[in-house]
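**Student:** Fold the following, please.
(one chain, ligands or ions: 2)
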Amino acid sequence: MASSSLFHSSLSSLTPEHTAFYQNPTSKPPPNSPLTVSCTSSTVDPSSSSPAAATTNNSPPLKSRRAFDENIRDEARRHRAPHNFSAKYVPFNSGFDSPESYSLDEIVYRSRSGGLLDVQHDLDALGKFDGAYWRRLFDSRVGKTTWPYGSGVWSKKEWVLPEIDDDDIVSAFEGNSNLFWAERFGKQFLGMNDLWVKHCGISHTGSFKDLGMTVLVSQVNHLRKLKRPVVGVGCASTGDTSAALSAYCASAGIPSIVFLPANKISMAQLVQPIANGAFVLSIDTDFDGCMKLIREITSELPIYLANSLNSLRIEGQKTAAIEILQQFDWEVPDWVIVPGGNLGNIYAFYKGFKMCQELGLVDRIPRLVCAQAANANPLYLYYKSGWKDFKPVKANTTFASAIQIGDPVSIDRAVYALKQCDGIVEEASEEELMDAMAQADSTGMFICPHTGVALTALDKLRKSGVIGAGDRTVVVSTAHGLKFTQSKIDYHAKAIPDMACRFANLPTQVKADFGEVMDVLKEFLLNKAPPKSK
Ligand SMILES: Cc1ncc(COP(=O)(O)O)c(C=O)c1O
Ligand SMILES: N[C@@H](CCOP(=O)(O)O)C(=O)O
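**Tutor:** Ligands and ions are numbered 1, 2, ... in the order given. Below is the predicted model of the structure:
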């Protein structure tokens, strides 16, 4: 699998100087580094990544252990070095010479005109290092316990929050999620052989929100040390943002406040902020109602807004795109399909891919597909109108409850991203998304209903011939299936009104009797027997 080669290929042929340098690019550059001599592909030779190669005399010596009284933060402090990377807030899509900008140490979520903000990096400073340099730097950090680079987000720190002190970072070593080759699902249901599922839900709190939340809560930690007026951090949520916020805040000892639409999130999601000690408000409205309230409240009280309206979140989430490229050894997939609700994530993927292109790590970006539930499809309707007429909708109940959103805050970001990459928007009915989820599960996955929405979009685009059989396609799985077990139980029990539940797998009731157990097993085995060879 591509992801495992990533783990093994990185460091074995680097010298110790390279190793130290690539962990921290601002220390003295090693010979042959891009700073001194242009880099050749022989500097890191993936073909020499076998265990045998790792034990030759040329392999780097084992790292000496930290002193017993030193922790990984202390160790990181010793390696700190100055650099000139920086980032600031600018109005979204305002270009590089925007007269309006804000320090990341300011508490600001909207531009003067009320529009969205974006974190803009100093691409000139980042561009002093070539694409090969960044590829090697990022590869060298994967899967380590070095603070903070062991995180899939912070392994790209220079592109995320370059100026934050490592000491202020709040991380659960999130990211580095599995890129799963969906061999059987691709072959059996779609006639594809290069289908991949990026399991962003196999994560600390079970969704991709961890990627953005580590960045946001780290910056809050920093702001509190600067004595900025931040007493707590708050969000509206359909269940995943609240889980991530409460976990990262609890880890840093920062109060968190979550606004949840009453009876509209799963039990597993509800218990997460409760267990993490958040102040949980269950409000008799939907997500859009909660979102409106938290925006009003955070403008009155010293509560920092943690939804993806806050562009810090995007900086962390974009690293999943960079990770996908990394896991394919920097080959660009043809398609990436992302389920969309509040629409921050589709832009985050675009931004991650685009930065990789702009900084020379890859030469193109994939086409993006945003997949919505038909019961909550404002972006789909806008796309179908030829981007002429955006209207928020009243989101109806959907099994994909985390994307039951009718008035997405990042609509402008999403439209921009999709236009830039010749993107597509698709939708999935309740029956389609549940069937897709059940089919995927029957091939060994255990996905969430939102991933079922994305798989439905893929199925439709395969059937219409837009996505070809050989196209390398990545479906982003956004949350862990274990958060949504009730919907799976109802489906397999055929307990969903007006749904055939075609792929239900009902348990067989049988008496505790040897003969009866033998009978049902014999019948089962007869049906499953492989065809006789001729
Ligand atoms: C599991 C899951 N999938 C997809 C999404 C959609 O992400 P976004 O709101 O960034 O569009 C969300 C949250 O909205 C989510 O929680
Ligand atoms: N699915 C989200 C909805 C809010 O999205 P956000 O990315 O703007 O925080 C959730 O889990 O709350």
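
**Student:** From now on I want contacts and neighbour counts done on CA atoms only, so please keep to that.
**Tutor:** OK.

**Student:** who touches residue 172 in this structure?
**Tutor:** Shown in contact with residue 172 (Cα atoms under 8 Å, 6 or more residues apart in numbering): 151, 204, 214, 248.

**Student:** Same question for residue 477.
**Tutor:** Per Cα under 8 Å, 6+ apart, neighbours of residue 477: 197-201, 338, 447-448, 450-451.

**Student:** per-residue confidence for the closest residue to ligand 1 within the stretch 151-300 of the chain?
**Tutor:** As assessed by Cα to the nearest ligand atom, ligand 1 sits closest to residue 240 within the stretch 151-300 of the chain, at 4.8 Å. On the pLDDT scale, residue 240 is placed at 98.

**Student:** So it is in contact with residue 270, correct?
**Tutor:** No: with contact defined as Cα atoms under 8 Å, residue 240 does not count as touching residue 270 (9.2 Å).

**Student:** Those two: which is more packed in?
**Tutor:** Using other Cα atoms under 10 Å, the more surrounded residue of residue 240 and residue 270 is residue 240, with 26 against 22.

**Student:** From ligand 2, how far out is that one?
**Tutor:** 3 Å (Cα to the nearest ligand atom, to the nearest Å).

**Student:** Now for that residue: which residues touch it?
**Tutor:** Here residue 240 is in contact with 205-207, 209, 269, 402, 479 (criterion: Cα under 8 Å, 6+ apart).

**Student:** just residue 87 next, same as before
**Tutor:** Contacts of residue 87 (Cα under 8 Å, 6+ apart): 103-104, 119-122, 161-163.

**Student:** just the buried members of the residues you listed?
**Tutor:** Buried subset of the contacts of residue 87 (neighbour count, 16 or more other Cα atoms under 10 Å): 104, 119-122, 161-163.

**Student:** Pipe those into JSON lines and attach distance to ligand 2 per row.
**Tutor:** Compiled in JSON lines, the buried ones among the contacts of residue 87 are given as follows (distance: Cα to the nearest ligand atom, whole Å):
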{"residue": "104", "distance to ligand 2": "19"}
{"residue": "119", "distance to ligand 2": "16"}
{"residue": "120", "distance to ligand 2": "19"}
{"residue": "121", "distance to ligand 2": "21"}
{"residue": "122", "distance to ligand 2": "25"}
{"residue": "161", "distance to ligand 2": "18"}
{"residue": "162", "distance to ligand 2": "22"}
{"residue": "163", "distance to ligand 2": "24"}
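
**Student:** quick one: which of those is nearest residue 110?
**Tutor:** Closest to residue 110 out of the buried ones among the contacts of residue 87 is residue 119 (11.9 Å), distances taken as Cα to Cα.

**Student:** Can you tell me the SS state at the closest one?
**Tutor:** When classified by DSSP: H, G, I helix; E, B strand; the rest coil, residue 119 comes out as strand.

**Student:** Buried residues, the longest helix seen in the chain. List them.
**Tutor:** Ranked by residue count and defined by DSSP state H, the top helix of the chain is helix 209-225. Residues of helix 209-225 classed as buried: 209-224 (neighbour count, 16+ other Cα under 10 Å).

**Student:** okay, the angle between the helix or strand following that helix and helix 209-225?
**Tutor:** For helix 209-225, the succeeding helix or strand toward the C-terminus, using DSSP states H and E, is strand 232-236. Interaxial angle, strand 232-236 versus helix 209-225 (axes from the mean of the first three to the mean of the last three Cα atoms, to 10 degrees): 150 degrees.
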